[in-house]
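Novice: This is a predicted model, with the sequence first.
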Amino acid sequence: MRKAMKKSHILTAMVVLFSVIVSASLKAQTPTEWPDLPLLTIETVDGVMPTATKVSPPEGCVGEGILSEHVPGRLVMTFKGETLYDSGDYVKGESGVRIKIRGNSTGANLAQHPYKLKLSKKADLLQLGNEHKSKDFALLSMFTWNKVMKNEECNILLNTGLALCRSLNFPWTPNTRPVNVVINGKYQGLYHLIETVERADTRIKTDNTGFVIENDAYWWKEGETYFRTEHQKTNTCMGYTFKYPDEDDMTEEQLADIKNYMEKVETAVYSNVGASDLIDYNSFAHWVLAHDILGTSDAAGSNMFLYKENGTTENSKLKMATLWDFDSAFRSDVGWGYQHISYAFFYRALFQDKNFVRTYLNLYKEKIAAVYPYVENSLKNFKEKYGEAFEKSMELHRAVYANECRNTLDEQIDDVLTHLKERLALLEILTTNLEQVTAVESCLDKLDDSVVRRINVYGVDFTGVNVDNLPVGIYIEKRANGTIRKVLNK
């Protein structure tokens, strides 16, 4: 008994000693001793850490999600010992910050949790100017698992994807910067501090009558305001959720009006009569071209944000907003990005419309030459601005997450640019083939039995399929006399 008590006292003493050492270490590591990146220090009320509960989808739906509640606290941002921002202690509507775990698969599974920050008052956390003040920001995890990258991870896919969007002149691309984060005295790692997808003059710009929605695989989560179109109910696992209007401000009449409008849009898209009167083909082409350049392999979960600048009875057309999730970049095994051929959204149908195909190809020809130089220069500027501090911060990050941030910044830049070159070379071939089959020569002759091969524009072989069972679409036919033509089945 005495030996057991003695052993217990020794273990207790060791734990106390370890706690003292850790505490002293944290206190000694003052902001002026951190790498030259902004340091975000968050102290929550009563030291409560944000938590999340995993939720599984109902039958017929997809995705592993999370539910997380905001925790109130105080946020202080410092740089080289100078305070850049202090939210003050939390007082509802007046000061402080609320923080919760965000994301779905990332929030559910990453060791380094991503967070959503909600300030009580608008602030310019990214130091971009007063016009960029907002209450809404996110801290995205630095680790990105990607099987085609060195050591199966990359920390700059976000920077790469955002640079690509800027090279294509998206109306708004989120601004971001790397930061170190401490919550309740514990170092949480290196993060991307980023603007979130919100309606705002410097983000997604609409008037009070407009809307911002997401084609969302996670519409089924508790607390979501959503609607589902007839096409979604019949053909996909998706639903539309809202970024604007806020659910607290939205009337049943507004919800019904937006749903009816989207029913009208989808009827046009999927009837193959053309939807250019309702949706902005140029905007939609920008979005899918970015996915094709990156070769993303995500479809249902790739954050499809749509917006209309003013109400459903006005003349503005439906547009695509920014890309957001770049985790699956360079992983496509089908040539095009998955969005190009997926049933989860409009593009499989839109690429049956020769007017949309022409818009896409014209955009490609106009923008593609500038993509690689722009992205390369953007990553070079990132290295010049943050390089040494970023490397030191990755060392700190590895001390907490041993299997993350293992590749140097130079290695990551080389890796990304190598994959980007390969994608651009492949896309040149794909767009050339698409160009060759753009003009439909005729409609399918159901009595023609001389066809020896028939494939659709995605390369799927329909040879031998009874013409009455062919899906609506465009096909390339080779006939017995050796001639080749493109036909439309409508």
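Specialist: Now that the structure is in, tell me what you want to look at.

Novice: check which helix or strand covers the closest residue to Thr176 other than its chain neighbours.
Specialist: Leaving aside its sequence neighbours, Thr176 sits nearest to Ile194 (CB to CB, 6 or more residues apart in numbering; 4.0 Å). (Each C-beta comes from the backbone N, C-alpha and C, glycine too.) Assigned by DSSP states H and E, Ile194 belongs to strand 186-195.

Novice: if I pick the closest residue to Asp257 other than its chain neighbours, what's in contact with it?
Specialist: Leaving aside its chain neighbours, Asp257 sits nearest to Thr312 (5.3 Å; criterion: CB to CB, 6+ apart). Counting by CB atoms under 8 Å, 6 or more residues apart in numbering, Thr312 makes contact with 257-258, 260-261.

Novice: Can you tell me the closest non-neighbouring residue to Val55?
Specialist: Gly65 (4.9 Å).

Novice: Correct me if wrong: the one you found contacts Tyr218.
Specialist: Yes. Here Gly65 lies in contact with Tyr218, judged by CB atoms under 8 Å, at a distance of 5.0 Å.

Novice: Overlap of the contact sets of those two?
Specialist: Here Gly65 and Tyr218 have 57, 104 as joint contacts, going by CB under 8 Å, 6+ apart.

Novice: give me the low-pLDDT residue ranges for the protein?
Specialist: Within the chain, the stretches with pLDDT under 70 are 1-32, 438-443, 445-449, 457-459, 482-484, 490.

Novice: That one: helices as residue ranges?
Specialist: For the chain, the helices defined by DSSP state H occupy 2-28, 105-109, 157-167, 230-235, 252-270, 281-294, 338-341, 347-350, 354-400, 409-436.

Novice: Same list, those, but as a markdown table with distance to Val97 please.
Specialist: Compiled in a markdown table, these are given as follows (distance: least, CB to CB, whole Å):
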| stretch | distance to Val97 |
| --- | --- |
| helix 2-28 | 21 |
| helix 105-109 | 18 |
| helix 157-167 | 22 |
| helix 230-235 | 36 |
| helix 252-270 | 30 |
| helix 281-294 | 32 |
| helix 338-341 | 35 |
| helix 347-350 | 38 |
| helix 354-400 | 22 |
| helix 409-436 | 30 |
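
Novice: how about the ones you listed in TSV, adding distance to Gly73 and mean neighbour count?
Specialist: TSV is the format used below for the helices of the chain (distance: least, CB to CB, whole Å; neighbours: other CB atoms under 10 Å):
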stretch	distance to Gly73	mean neighbour count
helix 2-28	17	10
helix 105-109	19	18
helix 157-167	25	22
helix 230-235	38	13
helix 252-270	34	16
helix 281-294	36	23
helix 338-341	38	23
helix 347-350	42	22
helix 354-400	20	16
helix 409-436	32	16
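
Novice: picking that back up, so the residue nearest to Thr176 bridges to which residues?
Specialist: For Ile194, the beta-bridge partners under DSSP bridges are Ala138, Thr176.

Novice: Surely it touches Asp136?
Specialist: No. Ile194 lies out of contact with Asp136 (CB under 8 Å); the separation is 10.3 Å.

Novice: These two: who's more crowded?
Specialist: Taking other CB atoms under 10 Å, Ile194 and Asp136 do not tie; Ile194 has more neighbours (21 against 16).

Novice: related to what we said a few turns ago, tell me which of the contacts of Thr312 is nearest to Asp353?
Specialist: Tyr261 (19.7 Å; CB to CB).

Novice: Quick check: closest non-adjacent residue to the closest one.
Specialist: Thr312 (4.0 Å).

Novice: how close does the one you found sit to Thr251?
Specialist: 13 Å (CB to CB, to the nearest Å).

Novice: Next: Leu379.
Specialist: Noted for Leu379: a distance of 46 Å to Thr251, by CB to CB.

Novice: List the residues that contact Gly60.
Specialist: Contacts for Gly60 (CB under 8 Å, 6+ apart) come out as Cys237.

Novice: That one and Tyr240: what is the separation?
Specialist: In terms of CB to CB, Gly60 sits 17 Å off from Tyr240.

Novice: With Asn180 instead?
Specialist: For Asn180, the distance to Tyr240 equals 37 Å [CB to CB].

Novice: go on, Gly73?
Specialist: 33 Å.

Novice: again with Leu409
Specialist: Leu409 is 39 Å from Tyr240, by CB to CB.

Novice: Over to Asn104?
Specialist: Distance, Asn104 to Tyr240, using CB to CB: 16 Å.

Novice: more crowded one of those two?
Specialist: Using other CB under 10 Å as the criterion, Asn104 and Tyr240 rank with Tyr240 on top: 22 against 18.

Novice: which residues does the more buried one contact?
Specialist: Contacts of Tyr240 by CB under 8 Å, 6+ apart are 213-216, 219, 226-229, 232, 259, 262.
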